[in-house]
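Novice: Model the structure of this input:
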Amino acid sequence: MRRTGWLPWLALLLAALTNAGNYYAYDSIAPVADLLRRQHALTQGQIGLLNAIASLPNIPLSLVGGLLIDRFGAARTALLMAALGFAGSVLTAVGEPFALMATGRFIFGFGEETLLICVLTGVAQWFSAKRAALAMSLLFSMARVGSYAADVSPRWAPQFYAGGWRPPLMLAAGLTAVSLAAAVALLLIDRYRGPASRRPGERIDLRAIAHFDRSYWYILGLNVLFASVFFPFRSTFAIVFFQDAKHKTLAEAGQMNSWVFFAAIFATPVIGWLADRIGRRAALLSLGAGLVPITFLLLGATDASLWVSTATMGVAFSVVPAVIWPATAMLVDEKRLGTAYGLINVLQSSGMFACNWAAGALNDRFHAGPAYPDGYRPMIAMFGALSLIALASTLALWRRELGPHAHGLEAPATIQAA
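Specialist: Residues are numbered from 1 along each chain as shown. Down below sits the predicted model:
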């Protein structure tokens, strides 16, 4: 069957659906954190561990997953990872004893981050470089609906929360089943991608990593540090921090946190389109990275409205994912793209594990809670310091891309394709 013009867009939709359910399941811990604390008697350290342990298996396995993608194909690997995500979400929702809940999050983690690599690689293979940033931005935009829906779930699904901590997690498991179905459909249409889908995969060769350019390592530094700051805060501790330190209700805190994801749904594809049109990718990444330390300064050292910090974090979260993944694809040979993305996710997962664990431990150590909101200050300071290092990595990338060793990150896509 001849590949038709609408098939890449169908693949993009299925890839986004595959990812959206897993995004919801990952972010489902934050809105239920207070219920887990009150009804399941979990400490903040244990709550942080639930997301930390989801990142733990990806420390060794994301690189393996990237190598498997290069060898067996993105669609086949995505189906396996979606199945693991579903199984882990079910065990998390069963949730008693705590060891079973933690095991469920561990199994969920086997698939969650590697699934992102699969769909990113798949979209890069379906779309030309001229449209890559827009396509990947739309992927994130549609998938972010899952994160947004998780944060506002106390509003649109109050009956689940009225039943305690387990029903919201069962809802998350149901949505990972939708992801699994979308992954099956994505595999079925992959055969129509063209001759490339039928070529044997690349031989697994870890030595290729040594030949990645310095710009790749700078962009890896930003990617790892940004994820290590953003997701432990926004997906684990932001809602309970807003409740305890900013005196918001659960619904208000969830709504406030959700606007970061809600804004990204619409802004991310606009930024991706802009990057394709004007280039300036390293400059855009520097802008996004620069807003993150400002966010934590506002949260930790001022009484500014939460809408201000939500806006700065929302812009950062729209700009960085829209630009960083297609920019990475410009720095690495397509045959090694799965390996390159996998290495990023190995280090991302390490950072997310460490920061989730460290933030929970800091909150317990300094007795953070409604009775002592200042106990959250060490956590905020840690995230602020890491975000400054991320900014430094981005500025180094920008400087290199303005010099003789540039890879065209600052050029429009039309020039690259010429």
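Novice: any idea where the helices of the stretch 101-250 of the chain begin and end?
Specialist: With DSSP state H, counting those that start in this stretch, the ranges of helices along the stretch 101-250 of the chain come out as 132-151, 153-156, 158-162, 166-190, 214-232, 238-245, 250-278.
Novice: Nearest to Leu299, out of the ones you listed?
Specialist: Between Leu299 and these, the shortest gap by C-beta to C-beta is with helix 238-245, which sits at 8.0 Å. Glycine gets a C-beta too; all of them are placed from N, C-alpha and C.
Novice: and the closest one, how far out from the chain's middle?
Specialist: For helix 238-245, the separation from the chain centroid amounts to 21 Å (computed by C-alpha atoms, centre = their mean, to the nearest Å).
Novice: Rounded mean pLDDT for it, please.
Specialist: With pLDDT averaged residue by residue, helix 238-245 scores 92.
Novice: Mind giving me the packing neighbours of it?
Specialist: Here helix 238-245 is seen to pack against helix 29-39, helix 250-278 when contacts are counted using 3 or more C-beta pairs under 8 Å, 6 or more residues apart in numbering; DSSP states H and E.
Novice: Secondary structure element for the nearest residue to Leu115 once chain neighbours are set aside, which one?
Specialist: On the basis of C-beta to C-beta, 6 or more residues apart in numbering, the spatially nearest residue to Leu115 that is not a chain neighbour turns out to be Met81, at 4.1 Å. Counting by DSSP states H and E, the element that carries Met81 is helix 74-94.
Novice: would you put the C-alpha positions of that helix in CSV?
Specialist: The C-alpha trace of helix 74-94 is given here as CSV (Å, rounded to 0.1, in the frame of the first residue of the first chain):
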residue,chain,number,x,y,z
ALA,A,74,9.9,2.2,17.6
ALA,A,75,6.4,0.9,17.1
ARG,A,76,7.2,-2.7,18.3
THR,A,77,9.0,-1.4,21.3
ALA,A,78,6.2,1.1,22.1
LEU,A,79,3.7,-1.8,22.4
LEU,A,80,5.8,-3.6,24.9
MET,A,81,6.3,-0.5,27.0
ALA,A,82,2.6,0.4,27.0
ALA,A,83,1.8,-3.1,28.2
LEU,A,84,4.2,-2.7,31.1
GLY,A,85,2.7,0.7,31.9
PHE,A,86,-0.8,-0.8,32.1
ALA,A,87,0.3,-3.7,34.4
GLY,A,88,2.2,-1.3,36.7
SER,A,89,-0.7,1.1,37.0
VAL,A,90,-3.1,-1.7,38.0
LEU,A,91,-0.8,-2.9,40.8
THR,A,92,-0.4,0.8,42.0
ALA,A,93,-4.1,1.1,42.2
VAL,A,94,-4.4,-2.1,44.3
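Novice: which helices and strands does it pack with?
Specialist: For helix 74-94, the packing partners by 3+ C-beta pairs under 8 Å, 6+ apart come out as helix 7-27, helix 58-72, helix 98-126, helix 166-190.
Novice: Tell me the buried residues in that helix?
Specialist: 74-93 (16 or more other C-beta atoms under 10 Å).
Novice: Then stretch 185-193?
Specialist: Along stretch 185-193, the positions that meet the burial threshold by neighbour count (16+ other C-beta under 10 Å) are Ala185, Leu186, Leu187, Ile189, Asp190, Arg193.
Novice: Same question for stretch 117-128.
Specialist: Neighbour counts using 16+ other C-beta under 10 Å place Ile117, Cys118, Val119, Leu120, Thr121, Gly122, Val123, Ala124, Gln125, Trp126, Phe127 of stretch 117-128 among the buried residues.
Novice: same deal with stretch 146-166?
Specialist: Going by neighbour count (16+ other C-beta under 10 Å), the buried part of stretch 146-166 is 146-154, 160-161, 165-166.
Novice: cool, and stretch 7-23?
Specialist: With burial defined by 16+ other C-beta under 10 Å, the residues of stretch 7-23 counted as buried are 7-8, 11-23.
Novice: Just the local confidence number for Ser387, please.
Specialist: The model reports Ser387 with a pLDDT of 96.
Novice: Spatially nearest residue to it (excluding sequence neighbours)?
Specialist: Leaving aside its sequence neighbours, Ser387 sits nearest to Val292 (C-beta to C-beta, 6+ apart; 3.9 Å).
Novice: mind checking which helix or strand the one you found is in?
Specialist: Using DSSP H and E, the secondary-structure element containing Val292 is helix 281-301.
Novice: elements contacting that helix?
Specialist: Contacts of helix 281-301 with other secondary structure elements, assessed using 3+ C-beta pairs under 8 Å, 6+ apart, are made with helix 214-232, helix 250-278, helix 306-331, helix 377-401.
Novice: got the buried residues of stretch 185-193 as JSON lines, with distance to Leu409 and pLDDT columns?
Specialist: Below are those laid out as JSON lines (distance: C-beta to C-beta, whole Å; pLDDT from 0 to 100):
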{"residue": "Ala185", "distance to Leu409": "34", "pLDDT": "95"}
{"residue": "Leu186", "distance to Leu409": "29", "pLDDT": "94"}
{"residue": "Leu187", "distance to Leu409": "33", "pLDDT": "92"}
{"residue": "Ile189", "distance to Leu409": "31", "pLDDT": "91"}
{"residue": "Asp190", "distance to Leu409": "29", "pLDDT": "87"}
{"residue": "Arg193", "distance to Leu409": "27", "pLDDT": "77"}
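Novice: Let's have those residues in CSV, adding distance to Trp259.
Specialist: Listed next are the buried residues of stretch 185-193 as CSV, based on distance: C-beta to C-beta, whole Å:
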residue, distance to Trp259
Ala185, 31
Leu186, 30
Leu187, 35
Ile189, 34
Asp190, 35
Arg193, 36
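Novice: Residue ranges in the stretch 51-200 of the chain under the pLDDT threshold?
Specialist: Regions of the stretch 51-200 of the chain meeting the criterion pLDDT under 70 cover residues 62-63, 128-130, 132, 194-200.
Novice: Neighbours of the nearest residue to Ala87 once chain neighbours are set aside, how many?
Specialist: Nearest in space to Ala87, with sequence neighbours left out and distances taken as C-beta to C-beta, 6+ apart, is Ile107 at 5.7 Å. Number of residues near Ile107 (other C-beta atoms under 10 Å) recorded here: 22.
Novice: Next one: the residue nearest to Ser387 from Gly314, what distance?
Specialist: Here the distance between Val292 and Gly314 works out to 11 Å (C-beta to C-beta, to the nearest Å).
Novice: Of these two, give the one with the bigger neighbour count.
Specialist: Between Val292 and Gly314, counted using other C-beta under 10 Å, the more crowded position is Val292 (27 against 20).
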